[in-house]
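1. pasting the sequence and the predicted model now:
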Amino acid sequence: MTAPTLVLTLHGTRQPAGLAAALALRDAVAARVPGVDVELGWVDIHDTRLDTTLAALGPAVVVPAFLTAGYHVDHDVARAIASTNGRAVAASHLGGDALDAVRDRLLEAGPLGDAVVLAAAGSKRPGAVAEVEASARRLSDAVGRPVLAGFFYSASPTPEEAVAALRARGLADVTVATYALLPGLYQARLAGLDVRAVAEPVGVHPRLVDSIVARYTAARPRAVA
C-alpha cells in the first residue's frame, strides 16, 4: 500500500530566502521518510493553496508547520482537510515543540546578556498568544534569563515595546530570539532594534524535522484511501 503523502503546510512567503528555506525543510523531512512523498502546502500568499494541493493527492497527512494554533490552523487547514471528505487528515501543529530549536538559534547568536525578547508573529486569538507566552516562560527556564514575548502584529507588547519594558526593569543588555520558522520581512524590523543580537529563525533544524516526522507518523494510520 502506498504511504500517505506528507503535506508540510506553511504560511507562504514572497521572500526568496523564505521560499528556499521552505524547500530545504521539505527536502530534509523527505530524507527522513524514504518512500513517502513530501509536498508543500500553502495557506496564504501563493496562488496554489492547501485545498488545491490536497485535491490533486490521494491519502495525505497534513502537518501544520505553525508554532501556534491561530487562524490559519483553526480555519484554513481545517477547511482544506474538510474538503477532502476524509481522504486527508491533520496532524497537530508544532506548538512549543520547536522551542529547543529556537533556543539553539538564540545561543548561536552569541553570549546572552541580561534578558531575552521572544519575537513572534502574533494573533488576534488569545489562545495563540497564550501559547507564545508559555513558550517564553519555558525559554526563560532553559536559558536562565528573563524572557518577554513581543509580537509583530495583533497583540502586545511589540518587540520594540518588549525591549523597552525589559530596560525599564534595569535589564539593559537584550538579545532577541526569533519565534519563526522561515526568513521573512520581519527580519528587517528586528535588525533595527538596538540589542546585543538577533537570533536567526529556526530554518532547517534536526529538532524541527524530528517533530514534523513524529506528527506524520502518529497521524498516518488515520489517512484513508
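-> Nice, I can see it.
2. list the buried residues of the helix or strand harbouring G150.
-> Assigned by DSSP states H and E, G150 belongs to strand 147-151. By neighbour count, and taking 16 or more other C-beta atoms under 10 Å as the criterion, the buried residues in strand 147-151 are V147, L148, A149, G150, F151. Where you see a C-beta, it was placed from the backbone N, CA and C, and this is true even at glycine.
3. burial of the residue nearest to the first one when sequence neighbours are not counted, as a residue count?
-> Put plainly, it is V147. Taking C-beta to C-beta, 6 or more residues apart in numbering as the measure, V147 lies nearest to S140, with 4.0 Å between them; neighbours along the chain are not counted. With neighbours defined by other C-beta atoms under 10 Å, the count for S140 comes to 16.
4. of the buried residues of strand 147-151, closest to V73?
-> Distance to V73 across the buried residues of strand 147-151 (C-beta to C-beta) is lowest for F151, with 16.9 Å.
5. so that closest one bridges to which residues?
-> A120 (DSSP bridges).
6. so which elements touch the strand holding G150?
-> strand 115-120, helix 126-143, helix 159-168 (3 or more C-beta pairs under 8 Å, 6 or more residues apart in numbering; DSSP states H and E).
7. and the strands in this structure, which stretches?
-> For the chain, strands defined by DSSP state E occupy the ranges 5-10, 38-42, 60-64, 88-90, 115-120, 147-151, 174-179, 197-198.
8. quick one, which of these is nearest to I81?
-> With C-beta to C-beta, the closest approach to I81 among the strands of the chain belongs to strand 88-90: 5.0 Å.
9. what does the lowest-mean-pLDDT helix or strand in the chain rub up against?
-> Taking all helices and strands of the chain together, the one with the lowest average confidence (mean pLDDT, DSSP states H and E) is helix 71, at a mean of 89. Among residues not part of helix 71, those counted as contacts by C-beta atoms under 8 Å, 6 or more residues apart in numbering are S123, K124, R125.
10. okay, A180 and A172: tell me how far apart.
-> Taking C-beta to C-beta, to the nearest Å as the measure, A180 falls 25 Å from A172.
11. okay, these two: which has more neighbours?
-> For A180 against A172, the residue with the higher neighbour count under other C-beta under 10 Å is A180, and the figures read 24 against 13.
12. to what extent is the closest residue in space to R79 that isn't next to it in sequence buried, counted in neighbours?
-> Counting by C-beta to C-beta, 6+ apart, R79 lies nearest to D51, which is 7.0 Å off, once chain neighbours are set aside. As a burial measure, D51 scores 18 neighbours (other C-beta under 10 Å).
13. ok, back up a step: show me which of the contacts of helix 71 are buried.
-> Buried by 16+ other C-beta under 10 Å: S123, R125, out of the contacts of helix 71.
14. now the contacts of helix 71 as CSV including pLDDT and distance to L208?
-> Supplementary listing: those in CSV, determined by pLDDT from 0 to 100; distance: C-beta to C-beta, whole Å:
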residue, pLDDT, distance to L208
S123, 92, 20
K124, 90, 26
R125, 92, 23
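15. and the contacts of helix 71, which is closest to S83?
-> Proximity of these to S83, judged by C-beta to C-beta, is greatest for R125, which lies at 22.4 Å.
16. which residues touch the nearest residue to the closest one once chain neighbours are set aside?
-> The shortest distance from R125 to any non-neighbouring residue, by C-beta to C-beta, 6+ apart, is to G70 (5.4 Å). By C-beta under 8 Å, 6+ apart, the contact list for G70 reads A121, S123, R125, A128.
17. thanks a lot, see you next time.
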